[in-house]
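Student: the amino acid sequence is not available; the structure is as follows:
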C-alpha cells in the first residue's frame, strides 16, 4: 500500500545481510588468509562494531553537511562499503601468512607484521563506518514514510524481511563455499553485490528529487 517503504526496507535488509556475512566470515578470513589467532578475530570484531557505532553517530552531521544532497547519503555510504570491501579483498590476497603453517599471529605480532595487516583492520573499520552512515537515513525514512497508526507493523515487517535477507545471505555464502570459493572470493562476491543496491538507492533518491 505504501511503495515508498520498499527501498528503505530493502536497504536496511541488505545492511543486515552483508553485516552478518562479514561477521561470520571474519574468523575464517583471520585464520585461513592471514594466519592469525582468536585475539585478532576479537580485534576485527571490535573494530567492526566501533566503526558501525561511529558511522551511525556521525550520520546526522553528514546529513547536515550534504544539505539538499542528503537523500544521496545512503548510496554514497554504500559506495564506501563497496570500495573498502574490495580493498579488503585486494590486501588480503597479497597478505603474507606466517612462515610456519602451525604458527598463528597473535595480537601484537599481527599489528607489527606489516602495514598491510594494519590496513586490513583499517578497511574493516572504514567499511563499518560507512555502513553506519548508510543505515541511519534508511531507518529514518522508514519511520517518516510509514503512517503513524501502522508504524509498529511496518517495523515488524521490516524485521521479518531483515531475517529473510540474513538467511539468504547465509545460504549464498554456504553455496559459494560448497562449489570451491574460498573466503576471499566469497567476500569479493558480496562486495560486488553492493553495486545493484547502490544503483537502486541512487534511483530512489533521484525519484524523490524530481518528484
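Tutor: That came through fine. Here the structure is a predicted model, which is why all the values come from computation and not from measurement.
Student: contacts and neighbour counts: CA atoms only from here.
Tutor: Noted.
Student: next helix or strand past the helix or strand hosting residue 108?
Tutor: Element membership for residue 108 (DSSP states H and E) is helix 107-113. With elements assigned by DSSP H and E, the helix or strand that comes after helix 107-113 is helix 115-145.
Student: quick revisit: for the helix holding residue 108, the averaged confidence score.
Tutor: Mean per-residue pLDDT for helix 107-113: 83.
Student: residues in contact with that helix?
Tutor: Under the contact criterion C-alpha atoms under 8 Å, 6 or more residues apart in numbering, helix 107-113 has outside partners 36-37, 39-40, 43, 117-118.
Student: do stretch 173-182 as well
Tutor: Against stretch 173-182 from outside (C-alpha under 8 Å, 6+ apart): 21, 183, 186.
Student: out of the residues you listed, flag the one nearest to residue 50.
Tutor: Nearest to residue 50 among those: residue 21, at 17.3 Å, using C-alpha to C-alpha.
Student: so the closest one sits against residue 170, correct?
Tutor: Yes: the criterion here is C-alpha atoms under 8 Å, and residue 21 meets it with residue 170 at 6.7 Å.
Student: those two - which one has more neighbours?
Tutor: Neighbours per residue (other C-alpha atoms under 10 Å) separate residue 21 from residue 170, with residue 21 holding more: 20 against 17.
Student: low pLDDT regions in the chain?
Tutor: For the chain, the stretches with pLDDT under 70 are 96-102, 208-211.
Student: okay, buried residues for stretch 80-91 please.
Tutor: 80-89 (16 or more other C-alpha atoms under 10 Å).
Student: hmm, which two among these are most spread apart?
Tutor: Within those, 80 and 89 form the most distant pair, 14.2 Å apart (C-alpha to C-alpha).
Student: give the contact list for residue 39.
Tutor: The neighbourhood of residue 39, defined by C-alpha under 8 Å, 6+ apart, consists of 106-107.
Student: brain fart, residue 146
Tutor: Counting by C-alpha under 8 Å, 6+ apart, residue 146 touches 2, 5, 154.
Student: cool, and residue 158?
Tutor: Residue 158 makes contacts with 9, 13, as judged by C-alpha under 8 Å, 6+ apart.
Student: for this structure, which segments count as strands?
Tutor: Taking DSSP state E as the criterion, the chain contains no strands.
Student: quick one: the helices in it?
Tutor: Listed from the start of the chain, the chain has helices (DSSP state H) covering 6-28, 38-66, 73-94, 107-113, 115-145, 151-178, 183-192, 194-210.
Student: quick one, the first one and helix 151-178 angle?
Tutor: Right, helix 6-28. If you take axes from the mean of the first three to the mean of the last three C-alpha atoms, to 10 degrees, helix 6-28 sits at 40 degrees to helix 151-178.
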